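Trainee: Prediction below, plus the sequence it came from.
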Amino acid sequence: MTHIRIATRRSPLALWQAEYVAHELQRLDPSITTELVRIVTRGDKILDVPLAKVGGKGLFTKEIDEALLDGRADIAVHSMKDVPTQLPAGTSIRANPRREDPRDAIATITGGGLDSLPEGARIGTSSLRRIAQLKQRYPSFEFVSIRGNIQTRLSKLGQEVDAVILAAAGVRRMGMAQQMHQFIETDVLLPAVAQGTLGIQTRDADAHINALVDRLNDPETVVRTRAERAFLARLEGGCQVPIAAFATLQEGQLHLQGLVGEVDGSKLIQRRISGDADAAEQLGITLADEILAAGGRAILQALYAQGV
């Protein structure tokens, strides 16, 4: 019998994700028992400041890393879009289960999608990635930073904001898809790196745990995640900068789109690349280099100089 302690944030969505992983482990091996180790991260504590202004990588993972490293937990479950590209020594993202819907979703006061909103509509989101892309397409929109769990953010609809944008994966996992009025296609709003993907982090030395966790990998999701995160790592970006990437896999060919934008939407540098899926990480690096050379480096340097 194996008992696995799973480190997780305390939000309803994070708990759902951890319970999902626990269920999948027990499905593969009914002798496994699990318990959740609930962790409060720095990102969970700071709710009155936009994430981009808090700064620093690992806002939602540092304390969970510590629980894994000091032995309070055996594995950790993360939303991959929150995970820095550099992990603490001795740990790795061991598995990526099958990806959920990678798109963004919107709930509106009109009951329609983005195009149904009036001039000057107030959009609730703290994501610079979303703001940069939508400002170019909808220049009259105003953006209001809102934080908190899905329920908290949706409660502001019609009060503080005219629309709320959320990751589709989260609302689907929480059984709240019916509250969304549009699932926004990726050609309108390119997703965050690895949006909709879970990551299971383990200690490299735990051979028994690693053998169990390895069985949760979805091969297609793993390849797509490697490409997107290699792109992010090359840009040296975190999850709070206007960077987006999205990979698809078709008949062994990986197709990757990437974007870096000015926060005000005045410039979006977008590129695409395709190649053999076996070269997923190199494709991500090559695409990042193309975007950096096309002006992305200047945009990111200016943002980092501002403390973003």
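Mentor: Received, thanks. In this text the structure is predicted, and so the values were computed from the model without any measurement.
Trainee: Please make it C-alpha for all contacts and neighbour counts, starting now.
Mentor: OK.
Trainee: What segments of the stretch 51-200 of the chain are strands?
Mentor: 75-79, 91-95, 104-108, 122-124, 142-144, 163-167, 182-184, 198-203 (DSSP state E, counting those that start in this stretch).
Trainee: Relative to G275, which of those strands is closest?
Mentor: strand 91-95 (23.4 Å; C-alpha to C-alpha).
Trainee: Quick one: mean pLDDT over the closest one.
Mentor: Averaging pLDDT along strand 91-95 gives 98.
Trainee: Tell me the strands beside that strand, with direction?
Mentor: strand 198-203 (antiparallel) (DSSP bridges).
Trainee: Tell me how far the strand it pairs with lies from the chain's centre.
Mentor: Here strand 198-203 shows a centroid-to-chain-centroid distance of 14 Å under the convention C-alpha atoms, centre = their mean, to the nearest Å.
Trainee: Toward the C-terminus from it, list the very next helix or strand.
Mentor: Remark: after strand 198-203, the chain's next helix or strand is helix 207-214, criterion DSSP states H and E.
Trainee: what does the average pLDDT come to for that next one?
Mentor: 97.
Trainee: Give me the buried positions along that helix.
Mentor: I209, N210, V213 (16 or more other C-alpha atoms under 10 Å).
Trainee: Arrange the residues you listed in CSV, one row each, with distance to S79 as further columns.
Mentor: Converted to CSV, those look like this (distance: C-alpha to C-alpha, whole Å):
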residue, distance to S79
I209, 20
N210, 19
V213, 16
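Trainee: Which of the strands of the stretch 51-200 of the chain sits closest to A302?
Mentor: The nearest among the strands of the stretch 51-200 of the chain, by C-alpha to C-alpha, is strand 142-144 at 21.1 Å.
Trainee: residues in contact with that closest one?
Mentor: G120, A121, R122, I123, G124, T125, S126, I131, V161 (C-alpha atoms under 8 Å, 6 or more residues apart in numbering).
Trainee: of those, closest to A280?
Mentor: Nearest member of the contacts of strand 142-144 to A280, counting by C-alpha to C-alpha, is I131, at 28.0 Å.
Trainee: Could you check how far the closest residue to the closest one other than its chain neighbours is from I269?
Mentor: Once flanking residues are discounted, I131 sits nearest to V263: 6.6 Å by C-alpha to C-alpha, 6 or more residues apart in numbering. Note on V263: its distance to I269, by C-alpha to C-alpha, to the nearest Å, is 12 Å.
Trainee: residue boundaries of the helices in the stretch 201-308 of the chain?
Mentor: 207-214, 219-235, 280-291, 297-305 (DSSP state H, counting those that start in this stretch).
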